[in-house]
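Peer 1: Got a predicted structure here, sequence first:
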Amino acid sequence: MNYNLINKEIETYLNTQWLLLYPNDYPIVWGNIPTNVDDQDQPFLKAVVRYSEEDKENVGNVSLNRVYGILMISVYVLIDTGERLLQELTSKVKNIFRNKNINGIIFRKRNIRYIGENGRFIQQNITIEFYYDDIS
C-alpha cells in the first residue's frame, strides 16, 4: 500500500463514521487544505495523517515493511460553547478508532492533549497511533 491509499482509507472511514454521528453539523477539515481557524463559525475537526518510521523484516521469502503513523485530529469548539461539547466530540472521535482494523491499518494507542484557547475556539488534540504491513 502506498501513502495516498492509506490516507484515502483513513479519510473515508473517518468521514463515514462522523457523518453517522453528526450528519448536519461539525465539519471535518483536512490538514492538506489550508484553514484559518478564525474563518470558521461553528465547531469543527481538523485531521491530518503523518508517517513516522518503517521497520523491515524478512519472513521466509517474504519481505515485510511495517509502516507506522499517527492520525492527529484537532477538535475545535467555540469558547462560548463550553468544555462539555469539547469532551463529547473528543470522546466520539476517540471511540471511532478504538481497536479498529481498517483493511489492514491497525489503530492502537490514543492520546488526548488539551491545547486551550485558539482565537475564538477551545482546542483539544487527539493523536491515534497506527501501523500497516506492506508485503513485497
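Peer 2: Noted; the coordinates are in hand. Numbering: from 1, shown residues only.

Peer 1: For Gly69, give the beta-bridge partners.
Peer 2: Tyr51, Phe130 (DSSP bridges).

Peer 1: Give me the next element, helix or strand, following the longest helix anywhere in the chain.
Peer 2: In the chain, ranked by residue count with DSSP state H as the criterion, the top helix is helix 3-21. Downstream of helix 3-21, the next assigned helix or strand under DSSP states H and E is strand 28-30.

Peer 1: Does anything pack onto that following strand? Which helices or strands?
Peer 2: Using 3 or more Cβ pairs under 8 Å, 6 or more residues apart in numbering; DSSP states H and E as the contact test, the elements touching strand 28-30 are helix 3-21, strand 44-59. For every residue, glycine as well, the C-beta is placed using N, CA and C.

Peer 1: in the chain, what secondary structure element scores lowest on mean pLDDT?
Peer 2: For the chain, scoring each helix and strand by mean pLDDT, DSSP states H and E identifies strand 44-59 as the least confident one, at a mean of 82.

Peer 1: Could you list the alpha-carbon positions for it in PDB?
Peer 2: Included here for strand 44-59 are C-alpha records, laid out as PDB according to Å, rounded to 0.1, in the frame of the first residue of the first chain:
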ATOM      1  CA  PHE A  44     -15.200  21.500  13.600                       C
ATOM      2  CA  LEU A  45     -12.500  18.900  13.400                       C
ATOM      3  CA  LYS A  46      -9.100  19.200  11.600                       C
ATOM      4  CA  ALA A  47      -7.500  15.900  10.700                       C
ATOM      5  CA  VAL A  48      -4.100  15.100   9.300                       C
ATOM      6  CA  VAL A  49      -2.200  11.800   8.700                       C
ATOM      7  CA  ARG A  50       1.500  11.700   9.400                       C
ATOM      8  CA  TYR A  51       4.000   8.900   8.900                       C
ATOM      9  CA  SER A  52       6.900   8.300  11.300                       C
ATOM     10  CA  GLU A  53       9.100   5.200  10.600                       C
ATOM     11  CA  GLU A  54       9.400   1.900   8.900                       C
ATOM     12  CA  ASP A  55      10.700  -1.400  10.000                       C
ATOM     13  CA  LYS A  56      11.900  -4.100   7.600                       C
ATOM     14  CA  GLU A  57      11.700  -7.800   8.400                       C
ATOM     15  CA  ASN A  58      12.100 -10.900   6.400                       C
ATOM     16  CA  VAL A  59       9.800 -13.900   7.000                       C
END
